[in-house]
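> Output the structure for:
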Amino acid sequence: MPLSEHEQRLLEQMERQLYAEDPKLASTLRGTGRSLRSRHRLLFGVIGVGAGLALLVAGAASQLWPLGVAGFLVMLGGGWWASTGWQGAARGPTPASPQTPKSSQRSGFMHRIEERWDRRRDGDQ
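Take a look at the predicted model:
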């Protein structure tokens, strides 16, 4: 069921306010930039863990302890690489770029949205 014109206008207004109030959240929801980079880090980290595990097993099977140790280190490095990519995607603002949300504006925005929702539910549009 398509949205009415009034609902489309409300949605567009909410999107504009979101972009104005929290551009970082808006870009995260858009799914560009940082998320692709974190997926690549995660992918290469998992590949590193797999390669390290293969080296570790090969070193144990051939009784070459330096190969096993190298495999363990590669596996450890791959796990670290994957975890830093995963944490980077979920991490908030850095200390160098703090974001101070204006709670009064946010509460006003949310209050207006809640009022609109209540009116819509009651059928007053």
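
> tell me which element His40 is part of?
Element membership of His40, judged by DSSP states H and E, is helix 34-62.

> So for stretch 68-86, mean pLDDT?
Average pLDDT, stretch 68-86: 87.

> Helices of the chain, start to end?
5-21, 23-30, 34-62, 65-90, 103-122 (DSSP state H).

> circling back: which of the residues in the helix holding His40 are buried?
By 16 or more other C-beta atoms under 10 Å, the buried positions in helix 34-62 come out as 38, 41-42, 45, 48-49, 52, 55-56, 59. C-beta here means a position set from N, CA and C on the backbone, and glycine is covered the same way.

> Distance to Gln17 and pLDDT added to those, as JSON lines?
Listed next are the buried residues of helix 34-62 as JSON lines, based on distance: C-beta to C-beta, whole Å; pLDDT from 0 to 100:
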{"residue": "Ser38", "distance to Gln17": "27", "pLDDT": "78"}
{"residue": "Arg41", "distance to Gln17": "33", "pLDDT": "84"}
{"residue": "Leu42", "distance to Gln17": "32", "pLDDT": "85"}
{"residue": "Gly45", "distance to Gln17": "37", "pLDDT": "88"}
{"residue": "Gly48", "distance to Gln17": "42", "pLDDT": "91"}
{"residue": "Val49", "distance to Gln17": "43", "pLDDT": "91"}
{"residue": "Gly52", "distance to Gln17": "48", "pLDDT": "92"}
{"residue": "Leu55", "distance to Gln17": "53", "pLDDT": "92"}
{"residue": "Leu56", "distance to Gln17": "53", "pLDDT": "92"}
{"residue": "Gly59", "distance to Gln17": "58", "pLDDT": "92"}
